[in-house]
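**Q** Quick one, structure for this:
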Amino acid sequence: VEMMRINYMKRLESSIKSFSLSIDRIIKKTDILIEKIENYLDNKDKYKELLSKEKEKIKNEMLPPRLFEISSEEENDDINNEEEDFMDDLTVGRKIEYNLAEMKASEWLKDLRQDKKHLEKLLKEAESIDSERDKKLQTLIELIEKKVKEPFNGNNKKVLIFTAFYDTAKYLYDNIVFWT
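**A** Residues are numbered from 1 along each chain as shown. Purely as a prediction, here's the structure:
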């Protein structure tokens with residue numbers, strides 16, 4: 001959590017636009033997760049049944065194969081694909097995967113909805129700061145204007161701006177392009 005806080009602070013320090021884009025991305029990811037959890041909760045019984053079948057299947061794979069067992073390969077493939085899709089629906093996370101059936105999904109959903117409300121409020125505040133209200137951008141423009149009017153190294157009016165984030169560079173360019 002601390003690392004995430006630091007990364008968002010860096011985005012905010014870079015530009016309000018970068019921060020807004022990051023918050024918007026996390027809201028979209030939260031929406032996807034909320035939808036996945038709601039789907040799980042709406043179909044909880046079916047998922048539990050599939051999990052039970054999956055556990056039984058794993059248990060049977062550990063047993064020696066039965067002789068003379070007859071099965072339809074195509075039918076089994078269709079059933080397996082459907083079951084795999086449902087099993088994928090139960091998994092959330094990237095680097096570390098979690099199974100929704102093993103979590104308190106209702107409580108997590110409630111927390112996610114609350115987080116989303118806070119993030120949407122934060123995004124609305126961030127987006128209300130346009131280029132005219134962006135104090136850092138206005139200060140940069142003033143510095144550039146001063147450099148152009150009073151170059152301190154001969155007649156060199158060039159300015160070089162460094163930033164760690166592409167979207168900050170684009171935001172700055174879009175707002176100072178009138179000098180080019």
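
**Q** If you count neighbours, what's buried in stretch 128-137?
**A** 129, 134, 137 (16 or more other C-beta atoms under 10 Å). (C-beta placed from N, C-alpha, C; glycine too.)

**Q** The last one: helix or strand, and which one exactly?
**A** When elements are assigned from DSSP states H and E, L137 belongs to helix 135-149.

**Q** same for that helix, what does it pack against?
**A** Helix 135-149 makes packing contacts with helix 166-176 when contacts are defined by 3 or more C-beta pairs under 8 Å, 6 or more residues apart in numbering; DSSP states H and E.

**Q** name the helices or strands packed onto the helix it packs on?
**A** Counting contacts by 3+ C-beta pairs under 8 Å, 6+ apart, helix 166-176 packs against helix 16-42, helix 135-149.

**Q** returning to that earlier point: show me which of the buried residues of stretch 128-137 is closest to Q114.
**A** Distance to Q114, by C-beta to C-beta, is smallest for I129 among the buried residues of stretch 128-137, at 24.4 Å.

**Q** Chain neighbours aside, what residue packs nearest to that closest one?
**A** Once flanking residues are discounted, I129 sits nearest to I16: 4.8 Å by C-beta to C-beta, 6 or more residues apart in numbering.

**Q** Can you classify N153 by secondary structure?
**A** Here N153 is recorded as coil under DSSP: H, G, I helix; E, B strand; the rest coil.

**Q** sorry, back to before: just put the buried residues of stretch 128-137 in TSV and tack on pLDDT and distance to L90.
**A** Formatted as TSV, these follow (pLDDT from 0 to 100; distance: C-beta to C-beta, whole Å):
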residue	pLDDT	distance to L90
I129	92	41
D134	92	44
L137	93	46
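
**Q** In TSV, list the residues you listed along with distance to E102.
**A** Below are those laid out as TSV (distance: C-beta to C-beta, whole Å):
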residue	distance to E102
I129	42
D134	45
L137	47
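
**Q** Could you list the low-pLDDT ranges of the protein?
**A** Applying pLDDT under 70 to the chain flags residues 59-87, 179-180.
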